[in-house]
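1. coordinates for the following, if possible.
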Amino acid sequence: MIINSSNTLYRLVGIVLLAIASAAPARAAEIDGGNLRLLLLTMQDMNTPQTAMRADIDGEVDVAGTTRKLQAIAVFAPGKEARWYLQIRDPAMRALVLGNERKVMQQVGSKTETVPIGAPIGALGLSYEDLSRFIADDFKTQQITDEGTDTVLVGMHPAVESAYVYRAYLIDKEKQVPSRTQFYAKTLNNLVKLRLDSDHVLIGKKWWPTTIEIQNYPESATLKLHLRWSQNATIPPELLAPASVAAATPLPWEPPPAASAAASSPKPAAR
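-> All right, here's what the predicted structure looks like:
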């Protein structure tokens, strides 16, 4: 009788412990090598437009304590070419970035020249590479260096021509976009730039940042950009073609009357 009671007690304790374990919140599944590749491909898809996306940009540039305003337009073309166009108001300049070719057709005044994608954008303290789209195959030896419930930090070395020897992306697991990018030049312990993306809005099925901050440590430069996105933007095709961009008419500075980021933000569910 005593043995039977003990066995019954053990069974009851086991049932209670099992119930407690079942009721505890499940720990988020960790990302393994295969899932990391899938995450990076999804992040690439997330920043690949389905239609032309125009960003009207207002910003502040602080270089060594001197602050000035910035007005610009960026247009990101759909497709795998990672092609995008940049237009700055003052000082006036335009550029067509050919992402897959890692080069830029840059026009300042009447002078047009081809520069590498790592070339600086005027005196802004950033390069074309810093704003270009993420392409998974541009990197090798991707490795998870830290992981939390909501984010994962992934470090990787460029497999293409780059001004950097290493990058680290802090990726939002839910939105599958980077919220922080760390740029290292020359050596793995030389952090030269930090990019922060925030205030994302959902346009179609993709998340786009409406605030981008970039800190350039060697140049003591800080850039803060505020972006207003327009979906299905009408862009003259000559602006996205290397043979015609230099002679093309610049885009008007007034944003087009298309669907804006604010109009495309998620709406509260009906109750």
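2. and the pLDDT for the residue nearest the centre of the chain?
-> Residue closest to the mean C-alpha point of the chain, counted by Cα atoms, centre = their mean, is P178 at 5.3 Å. What the model reports for P178 is a pLDDT of 98.
3. secondary structure element holding it?
-> strand 177-184 (DSSP states H and E).
4. ok, now which ones touch the closest residue to G79 other than its chain neighbours?
-> Distances taken as Cβ to Cβ, 6 or more residues apart in numbering place T48 nearest to G79, at 7.7 Å, with adjacent residues excluded. To be clear about C-beta, it is placed using only N, CA and C from the backbone, and glycine gets the same treatment. T48 makes contacts with P78, G79, K80, A82, R133, as judged by Cβ atoms under 8 Å, 6 or more residues apart in numbering.
5. also Q143?
-> V154, G155, M156.
6. can you redo the residues you listed as CSV with secondary structure?
-> Output for the contacts of Q143, formatted as CSV (DSSP: H, G, I helix; E, B strand; the rest coil):
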residue, secondary structure
V154, strand
G155, strand
M156, strand
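7. just the buried ones from those residues?
-> By neighbour count, with 16 or more other Cβ atoms under 10 Å, the contacts of Q143 hold V154, G155, M156 as buried.
8. any idea what the residue nearest to the second one when sequence neighbours are not counted is bridged to?
-> By the measure of Cβ to Cβ, 6+ apart, the closest residue to G155 outside its immediate chain neighbours is A168, 4.5 Å from it. Following DSSP bridges, A168 is listed with bridge partners G155, Q182.
9. hey, where'd the helices end up in the stretch 1-150 of the chain?
-> Per DSSP state H, counting those that start in this stretch, the stretch 1-150 of the chain carries helices over the ranges 2-23, 33-46, 128-131.
10. chain center to stretch 174-191, what's the gap?
-> Chain-centre distance of stretch 174-191: 11 Å, with Cα atoms, centre = their mean, to the nearest Å.
11. how about it: buried residues?
-> Those would be K175, Q176, V177, P178, S179, R180, T181, Q182, F183, Y184, A185, for stretch 174-191 by 16+ other Cβ under 10 Å.
12. stretch 209-219 too?
-> P209, T210, I212, E213, I214, Q215, N216, E219.
13. what would those look like in JSON lines with secondary structure, pLDDT and distance to E254?
-> Below are these laid out as JSON lines (DSSP: H, G, I helix; E, B strand; the rest coil; pLDDT from 0 to 100; distance: Cβ to Cβ, whole Å):
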{"residue": "P209", "secondary structure": "coil", "pLDDT": "98", "distance to E254": "22"}
{"residue": "T210", "secondary structure": "coil", "pLDDT": "98", "distance to E254": "19"}
{"residue": "I212", "secondary structure": "strand", "pLDDT": "98", "distance to E254": "22"}
{"residue": "E213", "secondary structure": "strand", "pLDDT": "98", "distance to E254": "26"}
{"residue": "I214", "secondary structure": "strand", "pLDDT": "98", "distance to E254": "26"}
{"residue": "Q215", "secondary structure": "strand", "pLDDT": "97", "distance to E254": "31"}
{"residue": "N216", "secondary structure": "strand", "pLDDT": "97", "distance to E254": "30"}
{"residue": "E219", "secondary structure": "coil", "pLDDT": "94", "distance to E254": "32"}
